[in-house]
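>>> sequence and predicted model, in that order:
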Amino acid sequence: MYFDYYYLVLVLPMVILSLIAQAKVNSSFSKYSKVSTRRNFTATEAVRQILDNNGLHNVKIEAVSGKLTDHYDPKANVIRLSDSVRNSTSVAAVGVAAHEAGHAVQHAKGYAPIRWRNSLVGVANLGSKLSIPLILIGLVLVGMESMLGEIIVYAGIIMFSAAVLFQVVTLPVEFDASKRAIAVLGEDGYLYEDEVGAVKKVLSAAAMTYVAAAATSIAQLLRLILIARDRD
């Protein structure tokens with residue numbers, strides 16, 4: 001019976017880190033969702049003004065269901081704000097919305113990492129779906145002493161590497177969007193200094209979820225490489 005020590009040593013700690021990071025972002029968002037901005041504008045109003053001030057009048061704002069499902073869709077040129085954000089006047093909501101506006105500004109200004117990430121979306125999605133089935137099939141064939149099995153295993157690992165690269169490239173994109181959001185909210189007078197400090201805490205907690213996701217993907221890739229090496 002095979003026991004996966006690599007998962008226990010490499011991946012499981014990263015999974016635990018991801019759960020802690022997710023709990024932290026939920027806690028921070030919940031805490032600062034109860035703190036209303038003293039200027040009392042909604043997240044949607046803040047985003048619209050940030051976009052217009054950057055000449056992005058063509059970027060639309062739409063609603064999306066769920067909690068913290070906010071995102072910028074570069075193909076549709078739309079910022080979608082979740083139920084817990086769009087009509088809220090809280091510090092947390094304004095911070096999250098401004099972060100998404102930061103992505104729209106990145107796209108408009110041709111920020112290199114966001115171009116790289118967008119170019120990787122297709123291959124990363126394909127890699128995340130097909131890599132594990134390919135590796136499993138390859139390992140079965142390796143067990144049957146088929147040379148084709150080894151080729152299939154490493155093809156799967158290469159495909160998984162594309163998904164890992166996407167996670168890594170996502171990090172500078174997310175950190176930069178948060179940096180832009182914090183700067184504009186403070187420097188352009190949307191929020192008071194103490195409110196900007198609260199936004200930093202919310203966005204820093206959110207950033208850690210991306211760090212944890214990238215670390216988990218890297219650990220999983222290393223695990224797959226080691227398993228393939230052991231089965232050769």
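Yep, it's here.
>>> now the strands for the chain?
60-64, 71-73, 78-82 (DSSP state E).
>>> the first one: which residues count as buried?
Of the residues in strand 60-64, those buried by neighbour count under the rule 16 or more other Cβ atoms under 10 Å are 61, 64. Bear in mind the C-beta positions are built from the backbone N, C-alpha and C, glycine included.
>>> that one packs against which elements?
Judged by 3 or more Cβ pairs under 8 Å, 6 or more residues apart in numbering; DSSP states H and E, strand 60-64 is in contact with helix 43-53, strand 78-82.
>>> direction included, what does it pair against?
Note on strand 60-64: by DSSP bridges, its sheet partners are strand 78-82 (parallel).
>>> which helix in the protein has the most residues?
Longest among the helix segments of the chain by residue count, using DSSP state H, is helix 147-187.
>>> and the residue nearest in space to the middle of the chain, how close does it get to residue 164?
Nearest to the centroid of the C-alpha atoms of the chain, with distances taken as Cα atoms, centre = their mean, sits residue 210, at 4.9 Å. Using Cβ to Cβ, to the nearest Å, residue 210 is found at 13 Å from residue 164.
>>> where does this structure dip in pLDDT?
For the chain, applying pLDDT under 70 flags the ranges 1-2, 232.
>>> what residue of it is the furthest out?
The centre of the chain is farthest from one residue, residue 145, which by Cα atoms, centre = their mean lies 40.1 Å away.
>>> quick check on it: phi, psi?
phi 60, psi 40 (degrees, to the nearest 10).
>>> list the buried ones in stretch 152-164?
By neighbour count on 16+ other Cβ under 10 Å, the buried set for stretch 152-164 is 152, 153, 154, 156, 157, 159, 160, 161, 162, 163, 164.
>>> and what of stretch 106-121?
Here stretch 106-121 shows 106, 107, 108, 111, 113, 114, 117, 120 as buried, counting by 16+ other Cβ under 10 Å.
>>> then stretch 48-58?
Within stretch 48-58, the residues that qualify as buried are 48, 49, 50, 51, 54, 56, counting by 16+ other Cβ under 10 Å.
>>> who touches that stretch?
Around stretch 48-58, the neighbours that count as contacts under Cβ atoms under 8 Å, 6 or more residues apart in numbering are 59, 61, 77, 79, 98, 101, 104, 105, 108, 184, 188, 190.
>>> hmm, 10 Å instead?
41-42, 47, 59-61, 77, 79, 94, 97-98, 100-102, 104-105, 107-109, 180-181, 184-185, 188, 190 (Cβ atoms under 10 Å, 6 or more residues apart in numbering).
>>> looking at it, residue 77 is touching residue 103, isn't it?
No. Using Cβ atoms under 10 Å, residue 77 is not in contact with residue 103, being 11.3 Å away.
>>> more neighbours: which of those two?
Here residue 77 and residue 103 are compared on neighbour count by other Cβ atoms under 10 Å; more neighbours surround residue 103, at 23 against 14.
>>> quick one: contacts for the more buried one?
70-74, 79, 111, 114, 173-174, 176-177, 180-181.
>>> with residue 112 instead?
106, 169, 172, 173.
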